[in-house]
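K.L.:
the following block contains a protein sequence and its predicted model.
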Amino acid sequence: MRVSPLSPCLARRAWLIGSGAAALALAACGSTQRAEPYASNEWLQSGANRIANLALRDNLQSVRRVQISLYRRNPREWRKWCGSADEAIQRTWESISQNAPLPQLHGAYGIDAVRLAFETAPKPFEGDRVAALVVGWAALLKQANGDTWEQNMLDGVSAENSYRAARNFEISLWLIGSKTGPDGQPLLLATEISERGRNLLVDRELSKVVARLDLLAAQADEKYRRAALDFSQNWFLGSLGPFLSMVPK
């Protein structure tokens with residue numbers, strides 16, 4: 001039995017279908033998978049809690065990327081107390097997760113740690129400026145998240161703290177790009193300019209953090225505003241709803 005060849009029209013159609021399937025497969029492989037399996041503690045979280053926790057997760061990831069980038073351009077910082085950048089990163093985040101202050105910060109926390117990172121007078125800060133920034137930023141993010149690493153229905157975003165944290169991140173970004181030491185050299189190098197172009201990772205990631213914090217602040221502010229309106233609407237409809245339903249349309 002001889003198999004007849006496909007006509008030019010059918011062959012072209014088969015080629016288009018195959019190409020489309022291949023393109024869809026490649027798109028699926030390259031897409032970002034944001035979905036996560038349900039956790040046992042999620043039933044204690046509202047939708048707003050979940051969004052806040054995801055924003056905190058992404059903000060902490062951005063801070064970690066900034067730390068890696070700053071260490072690559074400022075190796076003198078991690079060399080002040082560690083044998084490698086990876087060790088400095090690990091010890092910094094262990095300090096954050098275990099709530100164990102780094103000795104070199106002398107008890108500074110939150111915005112005080114951020115200020116310490118840029119201290120030049122009367123006595124320059126001799127510790128790791130990058131680690132000080134990361135510890136301070138993490139504390140600001142935790143405070144904005146209701147002073148917890150994971151919200152549940154008893155927690156909520158502080159609109160004031162979120163707004164204040166966003167402004168402090170903006171100021172930090174400006175100080176990284178402008179603050180110099182007594183010798184006139186930048187305290188921290190952030191932007192890389194080379195033959196390959198400009199690397200603006202620090203600017204990009206910190207700008208993302210600012211945007212997320214501003215959105216959370218607006219959402220938290222709107223939540224309390226809408227609570228009063230929803231209460232009034234529910235009371236009005238609950239009281240007059242049966243009467244209004246009797247009115248002919």
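P.N.:
Great, that's in hand. Numbering: from 1, shown residues only.

K.L.:
which SS class is residue 150?
P.N.:
For residue 150, the assignment made with DSSP: H, G, I helix; E, B strand; the rest coil gives coil.

K.L.:
any idea of the pLDDT on it?
P.N.:
The score at residue 150 is 90. That number is its pLDDT.

K.L.:
how close does it sit to residue 60?
P.N.:
12 Å (CB to CB, to the nearest Å). Placement of C-beta: from N, CA and C, glycine included.

K.L.:
okay, these two: which has more neighbours?
P.N.:
residue 60 (19 against 16; other CB atoms under 10 Å).

K.L.:
test my guess that that one contacts residue 138.
P.N.:
Yes. Residue 60 lies in contact with residue 138 (CB atoms under 8 Å); the separation is 6.7 Å.

K.L.:
in this protein, which spans are helices?
P.N.:
Per DSSP state H, the chain carries helices over the ranges 8-30, 47-73, 75-78, 85-97, 111-117, 129-144, 159-178, 201-246.

K.L.:
below-threshold pLDDT in this protein: ranges please.
P.N.:
1-44, 192-198, 223-249 (pLDDT under 70).

K.L.:
give the contact list for residue 160.
P.N.:
residue 217 (CB atoms under 8 Å, 6 or more residues apart in numbering).

K.L.:
what about residue 95, distance to residue 211?
P.N.:
27 Å.

K.L.:
so which of the two has more stuff around it?
P.N.:
More neighbours surround residue 95 than the other of residue 95 and residue 211, with 18 against 13 (other CB under 10 Å).

K.L.:
thought the more buried one was touching residue 134?
P.N.:
No. The pair residue 95 / residue 134 is not scored as a contact, 9.2 Å apart, by CB under 8 Å.

K.L.:
residues making contact with stretch 60-70?
P.N.:
With CB under 8 Å, 6+ apart, stretch 60-70 has contacts from 77, 85, 89, 92-93, 130-131, 133-134, 137-138, 141, 188-190, 199, 201-202, 205-206, 208-209.

K.L.:
could you do stretch 96-107 as well?
P.N.:
80-81, 91-92, 94-95, 108-109, 113, 116, 126-128, 131-132, 134-135, 138-139.

K.L.:
just the buried residues of those.
P.N.:
Buried subset of those (neighbour count, 16 or more other CB atoms under 10 Å): 81, 91-92, 95, 108-109, 113, 116, 127-128, 131-132, 134-135, 138-139.

K.L.:
lovely, talk soon.
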